[in-house]
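[1] could you look at this predicted model? Sequence included:
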Amino acid sequence: MKNILKIAVLGVLGLFIQSCGNGGSSDEKSGAITSNAAERVYVAPGEHDEFYAFLSGGYSGNLTVYGLPSGRMLKEIPVFSQFATNGYGYSEETVPMLNTSYGFVPWGDAHHPDISQTNGELDGRWVFINENNTPRIARISLETFETEEIIEIPHSAGNHSSSFVTENTEYVVAGTRFSVPYPQKDMPINEMKGNFKGPLTFIAVGDDGRMNIDFQLKMPGFNYDLSHPGRGDSHGWFFFTTYNTEEAHTLQEVNASQNDKDFIAAVNWKKIQEYVENGGGEEIAAEYAHNVFDHSTQTATSTMEDKVLTVDPREVEGAVFFMPTPKSPHGCDVDPSGEYIVGNGKLSTDLTVHSFSKMITAIENEDYEGDAYGIPILNFESTLAGTVKEGGLGPLHTEFDGEGNAYTTFFISSEVVKWKLGTWEVLDRQPSYYSVGHNMIPGGNSRKPFGKYMISMNKITKDRFLPTGPELEHSAQLYDISGDKMELLLDFPTHGEPHYAAGIPADMIKSKSQKIYRLDENEHEYAATSESETKMVRDGNEVHVYMTTVRSHFSPDNLEGIKVGDKVFFHVTNLEQDFDVPHGFAMIGANTSELLIMPGQTKTITWEPKKEGVWPFYCTDFCSALHQEMQGYVRVSGQNSNVPLKWTLDDEEIN
Amino acid sequence: MKSLLKTTGIFAAMLLMFSCGDSEKKEKDEIRLDDYKEAPAPEAKSASQDSEADSGDDLSNKGIGPIDNLSLDDDIDSDMAAKGGDIFKNMCSACHKMDKKFVGPQIAGVTERRSPEWIMNMILNPEQMIKEDPIAKRLLIESNMAVMANQGLAEDEARAILEYFRQYDEKN
């Protein structure tokens, strides 16, 4: 209570400071923090948040899960980066998840999470996220909150305009931000213009979530920056912003900003899907990894694919058009009705909004102002629905509340601006601290937004939290958007660099969240589902240890017969079947990581002992009052010793 | 540091509790504390049983949990017992052996010491049992604070395990 009061007092103080500092146009600017903000974000001990928010971890390569409105971080889900905390990317089962055509890549740059949809509404089955650097798309289960699948995107570079789903999750798309030779080849860089391509990849998603590349659209070599699907009437279309239509290959900072307008590419994917189904397109060589985690074997497999179907957009009548859009548009956002397509011209003060119905009319009338590499450019005035004037400086992204309002972030002027769809008038503006990138309203880019809260994810933190040296976590802010004016309620730090996020009402998924893995469904090749199955097996210099854990011992816990130069595989099965009883496994000197094994799960870590001796291992997760007793010893003998394999528990051999 | 002290405290407390009950392992018999009135008699590991102290009431205690009343046929259902044996092996044997105390109490003779309801409630509702049931509380201390794990079994699975125990006790 005292804290609430304190925060409330601070809030009031903030109000004062705000109203002095901003010197802006009106009272609207002053209400940064309301006096009861603390109560409105307070989630009492033991109670749950109203929304899940999945924030990309940016250069952490992972996905973080937050509760809203509290801003409490609930979990970090490893996706594209090794995660020593639980062994992801170190354990034998998960190493294949990070396999690529470039070999094992231990790190990624995660950008835009998007939750699967049915009929244009969030359905809470999966969340997808893209990796920008080594182009990949991952699918994460919202039952286990684990990465189940990662598919590499061939012929792409800078996988940025990704991983957004169509209205029924027919496709998840992956665009190319850095156009490249297609396919890759050795050529002079300065011959880029006209010779590079920016493929847009459409990945079909099965009912079980499995991803497969359906086709790749061979687009001109522009930079495809962001995208969003059509919905409602515009279902069947996908929209991508472009910049660097100049096709500059150097000092893009200047050279990619020469054209007054770039494009939003409108792609009628239904037409292309049909074209492909009827045998259209050309199969070309490609090399990409497709990694799938199987829950029954609890093991990932990585398959190298060698072909992809490529489609020349000019070959499919009426499939692709360009809509001129001013000032190097960044975000490409579609309103809940599907009528308005917002181009956030990042080097401008204005937002350009296109009308889907006007676009269709323009296409029917062949109302073109030219073409780019044979793709029709629609007349700018003909598709324009309106312009949001003087919204701020440097618009980046727009979300929607489902009440006819849009919320756009302005990076340079560091603010969030609310405006009205249709009239284009600015209704409210609130500062962000500082330099906001994306914003997110749960469901805010679907047919059915949940317009109660919005978070802004800010690129600069500076003084918002206690200083922690030169390197800071980024800041996010929570706004209540249920009233006429946005109200800033809360600051909270985020992990890595959140780009986009996806939010969903907690009630839609929390009851499905899995509590344990069932032992009787464990089909791991090396599982020991009871202590009687534990053993050691030597195969040359490889020794497989089938081990179990239960509160509070390992079986076996005394192991002999291992030699210097062996490669030891510890396959550890957690025999517990109760919620939240993990056990850990750590081996002295292992050049890998620990394992954190959930009930019913089997995980494997390797250890290559280098020295003779008796070496301990132990449980790293405080599992019970006898956790400190949960340890064992491995005897390591010389390379030429004759010590036989022997595994015991309580001095008894197990069989 | 504070939590270390706290942990140490808990262990010290457990040690005290332990020393009041029957000891199972010889090496622990040698622990001496100032308030130790009488050294416990050394006991062979395999012959150990849980305390007899309140065994007079044990069979009337039905425990706490989903099983209120259970009527049993005199005949053993051998199919059910076989199924129970499999489940026991997979889900319980890491801590319980039939013929000796291991992490938890020895199983042999359990159907003579405990009511069938108590046995099933202990399997199905261990968290509440070790907190509230007098026998389960005592066994927890005798088991060195190793808590009985909830293995998430269904009622029919717990029933099958009971049948396996009955069969075992009938044969032995």
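    Now that the structure is in, tell me what you want to look at.
[2] every contact and neighbour count from this point should use C-alpha atoms.
    Fine.
[3] any idea how far A:F450 is from A:F400?
    Look at A:F450 and A:F400: by C-alpha to C-alpha, to the nearest Å, they are 9 Å apart.
[4] tell me which residues in stretch A:287-305 are buried?
    By neighbour count, with 16 or more other C-alpha atoms under 10 Å in any protein chain shown as the criterion, the buried positions of stretch A:287-305 are A:287-293, A:295, A:297-303, A:305.
[5] no no, stretch A:205-216
    Under the neighbour-count criterion of 16+ other C-alpha under 10 Å, stretch A:205-216 has A:V205, A:G209, A:M211, A:I213, A:D214, A:F215, A:Q216 buried.
[6] ok, back up a step: which residues do A:F450 and A:F400 both contact?
    Common neighbours of A:F450 and A:F400, using C-alpha atoms under 8 Å, 6 or more residues apart in numbering or on different chains, are A:I441, A:G444.
[7] of these two, which one has the most company?
    Neighbours around A:F450 and A:F400, counted as other C-alpha atoms under 10 Å in any protein chain shown, are more numerous at A:F400. The numbers are 31 against 21.
[8] in chain B, what secondary structure element scores lowest on mean pLDDT?
    Within chain B, confidence by mean pLDDT, DSSP states H and E is lowest for helix B:2-20 among all helices and strands, at a mean of 46.
[9] okay if I get the buried residues of stretch A:205-216 as JSON lines plus distance to chain B?
    Below are those laid out as JSON lines (distance: C-alpha to the nearest C-alpha, whole Å):
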{"residue": "A:V205", "distance to chain B": "34"}
{"residue": "A:G209", "distance to chain B": "29"}
{"residue": "A:M211", "distance to chain B": "34"}
{"residue": "A:I213", "distance to chain B": "41"}
{"residue": "A:D214", "distance to chain B": "43"}
{"residue": "A:F215", "distance to chain B": "46"}
{"residue": "A:Q216", "distance to chain B": "48"}
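[10] mind listing which of the residues you listed are in strands?
    A:V205, A:M211, A:I213, A:D214, A:F215, A:Q216 (DSSP state E).
[11] per-domain residue ranges of chain B.
    As assigned by automatic domain parsing, chain B contains the domains B:1-43, B:45-171.
[12] mean pLDDT for those: which is lowest?
    Looking at the domains of chain B, the lowest mean pLDDT belongs to domain B:1-43 (a mean of 48).
[13] can you map out the helices along chain A?
    All helices of chain A, identified by DSSP state H, fall at A:2-21, A:37-41, A:252-255, A:269-277, A:356-364, A:380-383.
[14] how far does the fifth one sit from its chain's centre?
    What separates the centre of helix A:356-364 from the centre of its chain is 33 Å, taken as C-alpha atoms, centre = their mean, to the nearest Å.
[15] and the fourth one, by the same measure?
    On the basis of C-alpha atoms, centre = their mean, helix A:269-277 sits 27 Å off its chain's mean C-alpha point.
[16] pull the residues that contact it.
    Taking C-alpha under 8 Å, 6+ apart as the rule, helix A:269-277 contacts A:F215, A:G236, A:W237, A:F238, A:G281, A:V316, A:G318, A:A319.
[17] what of the third one?
    Taking contacts as C-alpha under 8 Å, 6+ apart, the residues outside helix A:252-255 that touch it are A:N244, A:E246, A:A248.
[18] same list, those, but as CSV with neighbour count and distance to chain B please.
    Putting the contacts of helix A:252-255 into CSV (neighbours: other C-alpha atoms under 10 Å in any protein chain shown; distance: C-alpha to the nearest C-alpha, whole Å) gives the following:
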residue, neighbour count, distance to chain B
A:N244, 26, 59
A:E246, 17, 63
A:A248, 20, 61
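[19] between those residues, which sits nearest A:Y340?
    Closest approach to A:Y340 among the contacts of helix A:252-255 (C-alpha to C-alpha): A:N244, at 23.6 Å.
[20] could you chop chain A up by domain?
    Domain assignment for chain A by automatic domain parsing gives A:2-38, A:43-512, A:519-653.
[21] need those domains in a markdown table (columns: distance to B:P116).
    Putting the domains of chain A into a markdown table (distance: least, C-alpha to C-alpha, whole Å) gives the following:
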| stretch | distance to B:P116 |
| --- | --- |
| domain A:2-38 | 52 |
| domain A:43-512 | 34 |
| domain A:519-653 | 23 |
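[22] now those in JSON lines, with mean pLDDT?
    Shown next, in JSON lines, are the domains of chain A (pLDDT from 0 to 100):
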{"stretch": "domain A:2-38", "mean pLDDT": "49"}
{"stretch": "domain A:43-512", "mean pLDDT": "97"}
{"stretch": "domain A:519-653", "mean pLDDT": "97"}
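[23] how about those domains, which one is nearest B:I135?
    Going through these one by one, with C-alpha to C-alpha as the measure, domain A:519-653 comes closest at 19.7 Å.
[24] tell me if the closest one is near chain B.
    Yes: judged by C-alpha under 8 Å from any C-alpha of the partner chain, domain A:519-653 and chain B are in contact via A:529-532, A:550-552, A:575-578, A:624-626.
[25] now for those residues, which pair is the farthest apart?
    A:S532 and A:A625 (25.0 Å).
[26] can you pull the contacts of the residue in the stretch 151-300 of chain A that chain B sits nearest to?
    With distances taken as C-alpha to the nearest C-alpha, the stretch 151-300 of chain A approaches chain B most closely at A:S296, which sits 17.6 Å away. Residues in contact with A:S296, defined by C-alpha under 8 Å, 6+ apart, are A:E521, A:N522, A:E523, A:H524.
[27] what about the last one, how many residues close to it?
    If I follow you right, that is A:H524. Neighbour count for A:H524, taken as other C-alpha under 10 Å: 20.
[28] can you check the first one too?
    Neighbouring residues of A:E521 were enumerated by other C-alpha under 10 Å; the total is 13.
[29] swap in the second one?
    Using other C-alpha under 10 Å, A:N522 has 20 neighbouring residues.
[30] from memory it sits against A:Q601, does it?
    Yes: here A:N522 reaches A:Q601: they are 7.1 Å apart, a contact under C-alpha atoms under 8 Å.
[31] pull up the overlap in contacts between these two.
    Common neighbours of A:N522 and A:Q601 are listed as A:Q298 (criterion: C-alpha under 8 Å, 6+ apart).
[32] perfect, that will be all.
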